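**Q** Here is a sequence together with a model predicted from it:
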Amino acid sequence: MAETSTLGYALLGLLARAPLSGWDLAQRLDMPAGYFWSAGHSQIYPELKKLERAKLVKHTKVEQRDRPDKKVYALTAAGRRALRRWVTTPLAPAPKRDELMLRVYSLWLADPADAVAFVRDQEAVHRRRIAEYETHQADVEQHWAAELDDPRSPRFATYATLRRGLGYERELADWCAWLASRITS
């Protein structure tokens, strides 16, 4: 059997929750999986074909009025077993690639006013994400409250990743604020 990519496992994780079309998968990779993973439409469809060839997913055609038929993908029993095994396998070290840190590493060369503007722009980006994630958190807590304490629930897992995304964005926004204040002092 061919090796499944990390994107493949991301798709299997989404399909473990519900059957979805390729378009629906792309939307879910934006939110809620966007807290920790992203992929473009052009990556999703070839990956679905690979997963189907490996018999980890299957599709059914759904007829649509005024649109082309769509494929709705579902996890197979083999796909669920593969995902279950993968979830607890050891992680390879994540590659360290962070363009913001790469730029900050040479920020001492920039005009201080330009550097502060750049860092404040980055802070604003992360503050907007915080607001977006907090809105989603309030919605999740309101609608899924009963399931958020059950670690066997997919909603608990979604909530756990949301909390991590919020923590990451808050720390980065605070760090940008600190950096901008240090440049101007």
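**A** Structure received. None of these values were measured; they are calculated from a predicted model.

**Q** Tell me, how many residues neighbour Arg17?
**A** Arg17: 13 surrounding residues under other CB atoms under 10 Å. C-beta here means a position set from N, CA and C on the backbone, and glycine is covered the same way.

**Q** before we move on, what about the one 10 residues further on?
**A** Gln27: 14 surrounding residues under other CB under 10 Å.

**Q** The chain: helices as residue ranges?
**A** Taking DSSP state H, the helices of the chain run over residues 6-15, 22-30, 41-53, 77-87, 99-105, 112-144, 154-184.

**Q** tell me what the shortest one is packed against?
**A** The criterion is 3 or more CB pairs under 8 Å, 6 or more residues apart in numbering; DSSP states H and E, and the helices and strands that helix 99-105 contacts are helix 112-144.

**Q** related to what we said a few turns ago, most packed of the helices of the chain?
**A** Highest mean neighbour count among the helices of the chain (mean count of other CB atoms under 10 Å): helix 6-15, with a mean of 21.

**Q** List the contacts of it.
**A** Applying CB atoms under 8 Å, 6 or more residues apart in numbering, the contact partners of helix 6-15 are 4, 20, 25, 28-29, 33, 37, 39, 43-44, 47-48, 50-51, 56-57, 73-75, 79-80, 82-83, 86.

**Q** now stretch 19-37
**A** 6-7, 10-11, 13-15, 38-41, 44-45, 48, 60, 62, 70-75, 133, 136, 158, 161-162, 164-165.

**Q** Low-confidence regions, the chain specifically.
**A** Scanning the chain for pLDDT under 70 picks out 1-2, 32-35.

**Q** Walk me through the domains of it.
**A** The chain resolves into domains spanning 6-87, 99-184 when parsed by automatic domain parsing.

**Q** Figure out which of those is closest to Pro93.
**A** Set against Pro93 and scored by CB to CB, these come closest in domain 6-87, at 13.6 Å.

**Q** If anything else comes up later, I'll come back, but that's it for now.
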